[in-house]
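Q: pasting a predicted model and its sequence here:
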Amino acid sequence: MTALSVNLNKIALLRNSRGRNYPNVLEYGEKLIKMGVAGLTVHPRQDERHATRQDTRELAALTKQYSGVEFNVEGFPSNEFMSLIAETRPDQCTLVPDAPNQITSDHGWDLTEHFDWVCKLVLELQSINVRASLFIDPDLEQIKLAAKTGVDRIELYTESYAKAFAHGQYADVLSLYRLSAQLAQSLGLGINAGHDLDLNNLSKFLTIPNILEVSIGHALTVESLELGVAEVVRRYLEICAE
């Protein structure tokens, strides 16, 4: 079974747009846990335009109250970010190579350039018992390098699959992801996936065996506007269970 981790950034963005604590991100996260999700995710960017450092602290405390629910914090490993991880000790930290002004994540790590630094970051996370994950394109050479860093998991960046699926021509792209996952697993890496996965394209993607976790936020939030969050979460959990 694939674990569903809901990214709360868009809920935080909605809250921030009005300057008051509505919707309440912490309450929303607890509601999702009670609906059966296996995890919560935030990506606290440097400008705090959606999830904030305080959100991260509060959600870390919340998830520790629920057995079997994991907290994943993703982001660019600035000194400030790594200090926040050391303070909150999430179950998993996903390192993402974002620039401060990026609208959203749009590429995985280039480990030919950042290998030594990433190795140090992975050791830093593991030394405080935080599972280390890297945001990676479906690139076989990058996956081989990722395994050499000692990282626990990779998160496959799935935008290219989502775009191909939307145009109805996704078989070749999905085959590349399947090959990438098989290689990663053969090298001892766990596989997560995320970015633009939705109710339409997720089930086909999960024909790739042994995807441990999917992180979904933007699509889930948008779909909830039409169908209601309880129904949307129910459908995602059903797909992940299959």
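A: Yep, it's here. Quick caveat: nothing in here was measured; it's all calculated off a predicted structure. Numbering: from 1, shown residues only.

Q: count of neighbours near Val151?
A: 27 (other Cβ atoms under 10 Å). Placement of C-beta: from N, CA and C, glycine included.

Q: per-residue confidence at it?
A: In this model, Val151 is scored at 98, pLDDT.

Q: next up, the contacts around it.
A: Contact analysis of Val151 by Cβ atoms under 8 Å, 6 or more residues apart in numbering lists Val118, Val122, Ala132, Ser133, Leu134, Leu189.

Q: CA-only coordinates of the strand or helix carrying the fifth one, as CSV, when you get a sec.
A: Taking DSSP states H and E as the criterion, the element that holds Leu134 is strand 131-136. The C-alpha coordinates for strand 131-136 follow below in CSV (Å, rounded to 0.1, in the frame of the first residue of the first chain):
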residue,chain,number,x,y,z
ARG,A,131,14.9,9.9,7.2
ALA,A,132,16.7,11.7,4.4
SER,A,133,15.0,12.0,0.9
LEU,A,134,16.2,13.7,-2.3
PHE,A,135,13.9,15.3,-4.9
ILE,A,136,15.2,13.7,-8.1
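
Q: for whichever strand or helix holds Glu141, buried residues please.
A: Taking DSSP H and E as the criterion, Glu141 maps to helix 140-148. For helix 140-148, burial by neighbour count (16 or more other Cβ atoms under 10 Å) applies to Gln142, Ile143, Leu145, Ala146.

Q: who touches stretch 230-242?
A: Outside stretch 230-242, the residues within contact range by Cβ under 8 Å, 6+ apart are 1-4, 6, 32, 35-37, 199, 202-203, 206, 214, 216, 220, 223-224, 227.

Q: buried ones among those?
A: Among those, those buried by neighbour count (16+ other Cβ under 10 Å) are 2-4, 6, 32, 35, 37, 199, 202, 206, 214, 216, 220, 223-224.
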